[in-house]
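Asks: dropping the sequence and predicted coords here.
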Amino acid sequence: MKYEVVIGLETHAELDTESKLFCGCSTKFGSEPNTQTCPVCLGLPGVLPVMNKKAFGYSLKAAVTLHCEINQFTNFDRKSYYYPDLPKNYQTSQNYFNIGNNGYVDMVVDGKEKRINIHNVHLEEEAGKLVHPEASDANYSLVDFNRAGVPLLEIVTQPDMRSIEEVESYMQTLRNILLYIGVSDCKMQEGSLRFEASISLREHGSTVLGNRVEIKNLNSMKAVLKVLAYEMSRQSSLLDDGKEILLETRLWDDVDAVSRRMRTKEDAHDYRYFPEPDLVPFWINQEWIDETETTIPELPVSKRQRFVKEYSLSDYDAGILTDDKSLADYFEECVGLSQDSPKELSNWIINDVLRELNERKVYVQDFTVTPETLVGLIKIKPTIGNSIAKEVFVEMANTGKDAPTIVKEKDLTQMDDTSELNEIVIKIVEENPKAVEDYGLGKKNALAFLIGQTMKITKGKANPKILTELFKQRLSSISK
Amino acid sequence: MISHELSASSIKEKIINREISAQEVVEDLFEWIALKEPSVKAYLTLDKEGALLKAKQIDEKLSNGGKVGLLAGIPVAIKDNICTSGMKTTCASKILEDFTPPYDAFVVKRIKEEDAVIIGKTNLDEFAMGSSNENSAFHVTRNPWNTDCIPGGSGGGSAAAVTANMAFMALGSDTGGSVRQPSSFCGNVGCKPTYGRISRYGLVAFASSLDQIGSVTKDVSDAALLLQVVSGHDAYDSTSANLGVPDYIAGINSTNDNLRIGVPKEFFGEGLNPEIKNAVTNALEIYKKNGAEIVDLSLPHCGYAVATYYIIATAEASSNLARYDGVRYGHRSQLSEDNIIDMYSRVRAEGFGSEVKRRILLGNYVLSAGFYEAYYMKASKVRNLIKDDFEDAFKKVDCIISPTCPSPAFKIGEKVTDPLEMYLSDIYTIPANLVGIPGISIPCGFTTTGLPIGMQIMGKHFEEEKILKIAKLFENETDFHLKRPELK
């Protein structure tokens, strides 16, 4: 493309707390409308907010994880705008003293490292949800305040992203980090993770930023990528035609796959921020910051690098294993229990465990095959052979029984008694003169056919190595 | 003596000693209210039935030998901007005309626990914005000393009710003087404690950093009694102080040794009515006679207090009152609405009175982009300078004494056309709100026209006990607090 794209992202993540930010109401998703409300989150006259300490701690944890400078003096501000889903018609948020400023996220795009700078991390309250009736002639809308007051973390980047690939990588990296540190469940289908993007174009080599367009309410990573691609082409054709890009806010229409103007700069809100007088300022002492640091686990990027180094995995495999912290933990537990190579364990997890998890739609923590039983299976694999081991694995997933039990119950132990196998080989050779003849003529698949016949009789238990050897001996003795 | 003329502490004694039943007290009170309320109009809601029910419970508890609370059987009035579960709380505004809260304010919960009998809700300037009670959307309360005069504001209803013996005590709220100024105009004891001493949970917010619940009572002992009950930490108010509450009731009768009283010259300058100046000067003589040392002081930044107040208070008010939009509760326009903005505009245009609208406009203006630094930020800085003035002063003195108001109660309609003149009525009370310190107004004389004069005693943060004690000392030497108007 003729232009360089400059993108910044705001991420809203609902914090995974039991109760709301300023009252004791539940944050459970999907309940009957307005059943999780009280005078405080409904904004009745006379109510006051009380800070949810866990939510505050989570935001601090996120800010520390994202390498922010922590504002030891932190305050909340009121952001004023009128909307029916906002009970007080102001949102208690942070503007003047955000919990964290000037952080960064390191990520890997196309094998290259890239740093995205974080402008700020702050904590605020969620709004409710408008429900519009289906009938087109309806003259009302309904409001559900169950979500109003749920703690919301906002993470704002600098305009540091230069391609859609970088945006995708940033969103995935950030989501992974939030999941790793356990502050948000990041369920996009429940609205727990949402984005707003700002995008501008400029000539390559220019140091001046172009006019920026903001896009609000993007509820999935897919929508972010789609709208950015759309805006890149919309803006570049405007610039090609010598037209100016308007400073404006647009909304993404997923149905028609276009962005539409929501408001121009002239109509922009004046939020009239001022310090929230109903909350006292918070003083975060160094001890609290230090303590928070000790609770931060190894993050996906460094875990991935360590897996490559320590376990000699490919970067790709390490990436899959570390994409989900629980899966990485599962893998490392297996490694700790097993004498086998980490590569072998990784193959089992990536091929078999993930397949079963996807089919069953369960989380690895809830999987019937535990690291102990998986390692148990791999341990007895030499005695049952690879293909039986795969069958046993599925059976383990189905029943939760361990491998030795299943092998015993189904009598699946491999036959490697040479004399026993030899008798069968002699029998098979006698019964299949055509195949023997073909073999003599040099047809390679004749051997495979004979082995297959044997496997049928032995229900796959015959040791294929020994079997091959015996057939070769027998057939060559015949041809002589 | 008729029971409604007694102080709250005395009637409680009589009820506990079974000299009179709580029900008899309520019956007598409501008879008196029926007679006098038409000329005073202190109440917006009266609840005789609820009051009798509660009184009956207390009488039964007493006859069963049960333990009763600190406010056993005392009929209490509540300013109508304090939420009462199941009883309308209108803030004297059309926008909340039919609003009944589903919960009790912290203070209401507390007085109920201590067996107070809630008799009704008193009138105020709409959303506590005003100094005369003339901004009530429903009616103007009259000053019982002269029914042509205003009772003060915003808590004129509470003050008039107590003065007219139509309540034994009342709860009010004080953002810039709304407890002290009407108490001064009506000849009551009005106390605004330290910001954070009493939970604001359930007090309908006007200006959150200034609002404080206070007491309106017939004398200092009653103030100590009511404050004892409602003070203390509340987990539902982040700004409420997590500090123990001293024994005010016992504390007020202890002696004052080496009392040093600060007298700031800025509170005795131009604009002060000479009769009031005289009354306060005489009061200081009484303290002197009792061994107090009078220390002349200067609080140089107090001249900016009113301007500072009207920036901070209106800014916070514009935000606090944003929630009245008709979406969840409150007034909803009968006119058709084209869209949501239209709906908001109609609800608020119809629901709010002109003074409330004026303050919302002012508040939005001072918080607007480009003006925030020049107004709100600057006002916050001046507020700190005023705090520093008081902090310095309290290094030298135990308390600061001043007139509560520059003039006595004025005539109804006298100042309605001049908001600035009206705002100056709170010139001596506003500093205590900006600084967050406790202040109490006690009666210290009468004008030649027979209107009460109030004297203000301000103390250090959380030293309510001390100013109550100093007030009690004056009360012991005088009888101004015993005078009641003769209501026709």
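Replies: Right, received. Where do you want to start?

Asks: any idea how far stretch A:419-426 is from the middle of the chain?
Replies: With C-alpha atoms, centre = their mean, to the nearest Å as the basis, the distance from the averaged C-alpha position of stretch A:419-426 to the chain average is 53 Å.

Asks: what residues does that stretch touch?
Replies: Contact partners of stretch A:419-426, identified using C-beta atoms under 8 Å, 6 or more residues apart in numbering or on different chains, comprise A:415, A:454, A:457-458, A:462-463, A:466-467, A:470-471, A:474. Every C-beta, even on glycine, is put in place using the N, C-alpha and C of the backbone.

Asks: mind checking how far B:Arg180 is from chain A?
Replies: From B:Arg180 over to chain A the distance is 21 Å, taken as C-beta to the nearest C-beta, to the nearest Å.

Asks: which residues touch that residue?
Replies: B:174, B:190-192, B:214, B:404, B:429, B:439-441, B:454, B:456.

Asks: what residues does the stretch 201-350 of chain B put near chain A?
Replies: For the stretch 201-350 of chain B, the residues in contact with chain A under the definition C-beta under 8 Å from any C-beta of the partner chain are B:201-205, B:207-209, B:235-239, B:315-316, B:318-319, B:322-323, B:325, B:327-329, B:340-341, B:344.

Asks: just the buried ones from those residues?
Replies: B:201-205, B:207-209, B:236-239, B:315-316, B:318-319, B:322-323, B:325, B:327-329, B:344 (16 or more other C-beta atoms under 10 Å in any protein chain shown).

Asks: who's in contact with stretch A:170-188?
Replies: Stretch A:170-188 has contacts (C-beta under 8 Å, 6+ apart) with A:9, A:11, A:13-16, A:29, A:58-59, A:61-62, A:65-66, A:105, A:107, A:116, A:153, A:155, A:157, A:161, A:192-195, A:219-221, A:224, A:295-297, A:299-301, A:323-325.

Asks: in it, what counts as buried?
Replies: The neighbour-count check on stretch A:170-188 (16+ other C-beta under 10 Å) flags A:170-171, A:173-181, A:183-186, A:188 as buried.

Asks: buried subset of the contacts of stretch A:170-188, written for ChimeraX?
Replies: Those of the contacts of stretch A:170-188 that meet the burial criterion (16+ other C-beta under 10 Å) are gathered into one ChimeraX selection, given here:
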select /A:9,11,13,14,15,16,29,58,59,61,62,65,66,105,107,116,153,155,157,161,192,193,194,195,219,220,221,224,299,300,301,324,325
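
Asks: out of the contacts of stretch A:170-188, list just those in strands.
Replies: The subset of these located in strands under the criterion DSSP state E comprises A:9, A:11, A:13-14, A:105, A:107, A:116, A:153, A:155, A:157, A:193-195.

Asks: rewinding a little: just checking, which of the contacts of stretch A:419-426 belong to helices?
Replies: Using DSSP state H, the members of the contacts of stretch A:419-426 that fall within helices are A:454, A:457-458, A:466-467, A:470-471, A:474.

Asks: picking up where we left off before, distance to chain B and pLDDT added to the ones in strands among the contacts of stretch A:170-188, as CSV?
Replies: Output for these, formatted as CSV (distance: C-beta to the nearest C-beta, whole Å; pLDDT from 0 to 100):
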residue, distance to chain B, pLDDT
A:Leu9, 24, 98
A:Thr11, 25, 98
A:Ala13, 24, 98
A:Glu14, 22, 97
A:Val105, 31, 96
A:Met107, 35, 89
A:Ile116, 29, 98
A:Leu153, 20, 98
A:Ile155, 24, 98
A:Thr157, 24, 98
A:Leu193, 28, 95
A:Arg194, 22, 96
A:Phe195, 26, 97
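
Asks: just the closest of the residues you listed to A:Leu209, please.
Replies: For the ones in strands among the contacts of stretch A:170-188, the minimum distance to A:Leu209 (C-beta to C-beta) is 14.2 Å, reached by A:Thr157.

Asks: need the contact list for the closest one.
Replies: By C-beta under 8 Å, 6+ apart, the residues touching A:Thr157 are A:8-10, A:105, A:116-119, A:170.

Asks: what residues does the stretch 251-400 of chain A have near chain B?
Replies: Taking C-beta under 8 Å from any C-beta as the criterion, the contact residues of the stretch 251-400 of chain A with chain B come out as A:270, A:272-274, A:277-280.

Asks: repeat that with 10 Å
Replies: By the rule C-beta under 10 Å from any C-beta of the partner chain, the part of the stretch 251-400 of chain A lying against chain B is A:268-280.

Asks: return the member of the residues you listed nearest to A:Asn71.
Replies: A:Pro275 (13.6 Å).

Asks: rewinding a little: narrow the buried ones among the residues of the stretch 201-350 of chain B next to chain A to those in helices?
Replies: With DSSP H as the criterion, helices contain B:315-316, B:318-319, B:344 from among these.

Asks: before we move on, back to that, of the ones in helices among the contacts of stretch A:419-426, buried ones?
Replies: Among the ones in helices among the contacts of stretch A:419-426, those that count as buried by neighbour count (16+ other C-beta under 10 Å) are A:454, A:458, A:466-467, A:470-471, A:474.
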